[in-house]
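Q: quick one, structure for this:
(one chain, ligands or ions: 1)
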Amino acid sequence: MNKTAQSIQSAAAGGTFHIEEIFPIVDGGRYAVKRIVGEPIAIWADIFRDGHEVIAAAVVWRREQDQDWQRSPLRYDVNDRWGGSFVPDQVGRYVYAIEAWTDEFATWRHSFELKLKAGQDVTLDALEGAAMLTKARAGGDTAAIIQRHCQAYLETGEPEPLLTPELRDAMADSQARPDLTRSPPLPLMIDRPRARSGAWYEMVPRSQGTTPGQHGTFRDCINRLPDIAAMGFDVIYFTPIHPIGKTNRKGRNNALTAEPGDPGSPYAIGGAEGGHDAIHPELGTLADFRAFLAACKLVEIEVALDIAVQCSPDHPWLTEHPDWFRRRPDGTMRYAENPPKKYEDIVNPDFACDDAGSLWNALRDVVLFWAEQGVKIFRVDNPHTKPLPFWEWLIHEVQLQHPDVIFLAEAFTRPKVMQGLAKLGFTQSYTYFTWRTQKWEIEQYLNELAAYPMREYYRPNFFVNTPDILPYHLQSGEPWMFKSRLALAATLSGTYGIYNGFELLEHEPIPGKEEYLNSEKYEIKVRDWDQPGNLKPYIRDINRVRRANAALLQTSNLRFVGIDDSNVIGFVKQSVDGSNTVAVAIALSRDYHEVWFPLGDVQIETSHGLSNVAVLENLITGERVPLEWGGVRLRIDPNRDPALLFRCLA
Ligand SMILES: O=P(O)(O)O[C@H]1O[C@H](CO)[C@@H](O[C@H]2O[C@H](CO)[C@@H](O)[C@H](O)[C@H]2O)[C@H](O)[C@H]1O
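A: Below is the predicted model:
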């Protein structure tokens with residue numbers, strides 16, 4: 001039997017040690033902290049016990065499904081605070097805990113040295129120390145070291161051999177730990193880097209064709225790949241690709257009745273041809289979809305699919321599982337809504353139905369089906385309108401089999417609910433960025449996202465627009481504003497996205513609303529992707545700069561700088577390993593700006609240690625600007641480019 005495991009005390013249940021203020025942690029350990037594979041995880045905790053004993057501590061960790069713990073020592077810092085780190089080398093769910101125990105030999109050694117210093121008689125103490133060596137549990141070289149020191153003491157009777165650092169280190173790992181105390185296990189989610197950073201391109205696949213009025217196919221989507229790859233996008237996100245219902249099909253501009261030939265909303269999932277695991281026949285076959293995935297792989301683009309739980313009234317589940325759906329007192333279907341929006345063409349399964357277990361399993365199997373085709377990113381539509389325990393369960397179930405799967409929560413709702421979804425397991429989350437336009441509110445929002453505790457579990461995905469949202473500030477169609485919003489999203493957040501048409505400055509709203517007129521949610525579009533004045537070169541440059549600067553591929557190491565202009569926002573970002581620092585200034589109004597950008601207190605890593613910034617290198621033009629008086633004077637002409645992006649050099 002494993003003696004160490006047998007004797008572990010629980011810090012939570014009155015063990016010898018107090019293990020407190022553990023970092024990182026989310027809600028006392030109820031939810032997982034999120035980190036990226038291969039990166040060191042800094043750990044700390046306050047650890048203490050009664051008396052003057054010498055304490056030792058370690059962090060232990062393992063993947064949820066493994067038995068054996070791995071260990072890494074913690075070092076004493078100051079004021080009973082201990083710290084250390086470890087590096088998980090695989091993606092997946094982990095647990096970690098803090099262990100503390102008394103190092104009895106180190107305790108003996110410490111008091112022995114104090115007595116020696118005070119000139120006290122230590123004859124008996126030396127014998128006690130030597131006796132400890134005889135009880136050591138060591139093998140190999142360590143056993144030999146202990147034996148050699150013990151012998152040297154016995155031969156001379158002098159205590160010096162008992163006090164060598166070599167013996168201290170050998171004994172540290174060779175003693176029984178009867179008071180070993182462990183904190184409760186804390187959950188940790190280790191994701192791949194795409195969970196934290198990526199440039200997303202959202203598109204409606206049926207609108208990727210070239211013949212007006214003709215339904216686009218996956219082949220057409222393949223043809224679009226060179227264009228999308230050239231802009232530097234990492235993820236293509238498809239709105240739903242499944243058969244679309246006919247009953248209550250929506251017409252153009254959200255009309256409640258469709259005209260003949262109207263394709264319907266792709267979110268009205270399910271028809272005679274199948275449901276959530278089927279493909280809309282006009283897009284192609286499953287083989288065509290797989291061909292699209294393979295073509296994306298060649299240009300290093302990942303595919304994200306939409307998971308929308310709802311069903312059109314023609315979805316096979318309505319006949320196969322009528323008990324999953326609720327009817328109103330008059331016998332009619334209860335259509336979906338996200339008040340005040342009404343979705344008359346869909347019904348939501350009833351999560352409170354008697355057979356909810358089979359519904360949960362069916363939805364999990366849908367995600368597993370697509371994951372098995374090779375889709376590893378899912379954008380989940382309106383998760384906040386379904387039971388939160390369901391999502392926690394589903395994400396866990398899927399990640400047990402596919403730990404590399406990423407879930408993005410499309411919830412635009414109350415802050416605590418959005419945070420709750422992130423805590424329970426969503427890898428990334430939509431945000432309020434789309435509506436944050438003033439300098440003070442952007443700073444306030446980012447300071448919240450980038451700071452503890454949100455940065456431990458909430459990974460933002462900043463969309464500048466979506467098929468549902470044409471924000472008021474884009475409705476004038478002015479290129480400088482589109483550029484400013486793109487630059488903000490792409491540099492403030494590790495992950496950001498555009499919905500296609502943004503690059504073409506599409507901006508015609510339904511009057512008085514933040515919605516697109518003639519939205520492609522209800523009709524097939526054919527666009528000229530090379531239309532004069534398009535923003536593709538600008539997007540390409542911004543994505544190129546992002547890829548080359550790790551500082552921009554995360555959200556947390558961000559600091560705003562004081563700029564004396566309420567329409568210019570400035571910030572500095574540093575990569576997780578400290579090797580890359582960027583400085584960014586972005587205009588929020590169209591007028592010409594001349595501002596002082598202070599960098600005096602920014603320190604960067606160099607091969608000689610920390611250093612002040614001496615030079616800024618413009619990441620678009622390559623031009624280098626030396627710092628004077630701890631800063632630089634910047635001139636921003638938004639009509640040319642509202643954003644200035646620099647790498648900080650020593
Ligand atoms: O409610 P949200 O603003 O979060 O929007 C998301 O979910 C909607 C429902 O799934 C979806 O709405 C679209 O599909 C509906 C069903 O076909 C249709 O009735 C709506 O008119 C249409 O906008 C929306 O696109 C999605 O982002």
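
Q: with only the CA atoms kept, save stretch 190-207 in PDB.
A: Output in PDB follows, covering the C-alpha atoms of stretch 190-207 (Å, rounded to 0.1, in the frame of the first residue of the first chain):
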ATOM      1  CA  ILE A 190      -5.500  23.300 -20.300                       C
ATOM      2  CA  ASP A 191      -6.400  24.400 -23.800                       C
ATOM      3  CA  ARG A 192      -4.500  24.700 -27.000                       C
ATOM      4  CA  PRO A 193      -3.300  28.200 -28.100                       C
ATOM      5  CA  ARG A 194      -6.200  28.700 -30.400                       C
ATOM      6  CA  ALA A 195      -8.400  29.000 -27.300                       C
ATOM      7  CA  ARG A 196      -6.700  32.300 -26.500                       C
ATOM      8  CA  SER A 197      -6.000  33.800 -29.800                       C
ATOM      9  CA  GLY A 198      -7.300  33.800 -33.400                       C
ATOM     10  CA  ALA A 199      -8.800  35.900 -36.100                       C
ATOM     11  CA  TRP A 200     -12.200  34.700 -37.000                       C
ATOM     12  CA  TYR A 201     -14.100  35.200 -40.300                       C
ATOM     13  CA  GLU A 202     -17.800  34.500 -40.100                       C
ATOM     14  CA  MET A 203     -19.600  33.600 -43.200                       C
ATOM     15  CA  VAL A 204     -22.900  32.200 -44.500                       C
ATOM     16  CA  PRO A 205     -21.800  29.400 -46.800                       C
ATOM     17  CA  ARG A 206     -24.700  29.600 -49.200                       C
ATOM     18  CA  SER A 207     -23.600  33.200 -50.000                       C
END
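
Q: how far away from the center of its chain is it?
A: Here stretch 190-207 is found 12 Å from its chain centre; the criterion is CA atoms, centre = their mean, to the nearest Å.

Q: that one and the ligand, any residue contact?
A: No - for stretch 190-207, no contact with the ligand is found by CB under 6 Å from any ligand atom; the gap never falls below 10.0 Å. C-beta: built from backbone N, CA, C; applies to glycine.

Q: get me the contact residues on the protein for the ligand.
A: So the chain meets the ligand at 250, 254, 265, 267-268, 308, 310, 338, 341, 343, 345-346, 381-382, 410, 412, 467-468, 521 (CB under 6 Å from any ligand atom).

Q: can you give me the strands in the stretch 51-200 of the chain?
A: Assigned by DSSP state E, counting those that start in this stretch, the strands in the stretch 51-200 of the chain fall at 55-63, 70-78, 81-86, 92-102, 181-182, 186-191, 198-203.

Q: in TSV: these, plus mean neighbour count and mean pLDDT.
A: Shown next, in TSV, are these (neighbours: other CB atoms under 10 Å; pLDDT from 0 to 100):
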stretch	mean neighbour count	mean pLDDT
strand 55-63	21	98
strand 70-78	14	97
strand 81-86	18	98
strand 92-102	23	97
strand 181-182	24	97
strand 186-191	22	98
strand 198-203	23	98
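
Q: so which of those gets nearest Y496?
A: Y496 lies closest, by CB to CB, to one member of these: strand 198-203, at 6.2 Å.

Q: neighbouring strands of that closest one in the sheet, and parallel or not?
A: Its sheet considered, strand 198-203 pairs with strand 235-238 (parallel), strand 495-499 (parallel) by DSSP bridges.

Q: with just CA atoms, put the helix or strand just after the first one into PDB.
A: Past strand 235-238, further along toward the C-terminus, the next helix or strand under DSSP states H and E is helix 286-298. Included here for helix 286-298 are C-alpha records, laid out as PDB according to Å, rounded to 0.1, in the frame of the first residue of the first chain:
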ATOM      1  CA  LEU A 286     -20.800  15.200 -46.100                       C
ATOM      2  CA  ALA A 287     -17.900  14.300 -48.400                       C
ATOM      3  CA  ASP A 288     -17.900  17.800 -49.800                       C
ATOM      4  CA  PHE A 289     -17.900  19.200 -46.200                       C
ATOM      5  CA  ARG A 290     -14.900  17.000 -45.400                       C
ATOM      6  CA  ALA A 291     -13.200  18.200 -48.600                       C
ATOM      7  CA  PHE A 292     -13.700  21.800 -47.300                       C
ATOM      8  CA  LEU A 293     -12.200  20.900 -44.000                       C
ATOM      9  CA  ALA A 294      -9.200  19.300 -45.800                       C
ATOM     10  CA  ALA A 295      -8.800  22.400 -48.000                       C
ATOM     11  CA  CYS A 296      -8.900  24.600 -44.900                       C
ATOM     12  CA  LYS A 297      -6.200  22.500 -43.300                       C
ATOM     13  CA  LEU A 298      -3.900  23.200 -46.300                       C
END
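
Q: circling back to that earlier point, which ones among the residues of the chain next to the ligand lie within strands?
A: Those of the residues of the chain next to the ligand mapping onto strands are N338, K341, Y343, D345, I346, D381, E410, per DSSP state E.

Q: just the buried ones from the residues you listed?
A: Among those, those classed as buried by neighbour count (16 or more other CB atoms under 10 Å) are Y343, D345, I346, D381, E410.

Q: looking at these, which is nearest the ligand?
A: Y343 (3.5 Å; CB to the nearest ligand atom).

Q: alright, I will stop here.
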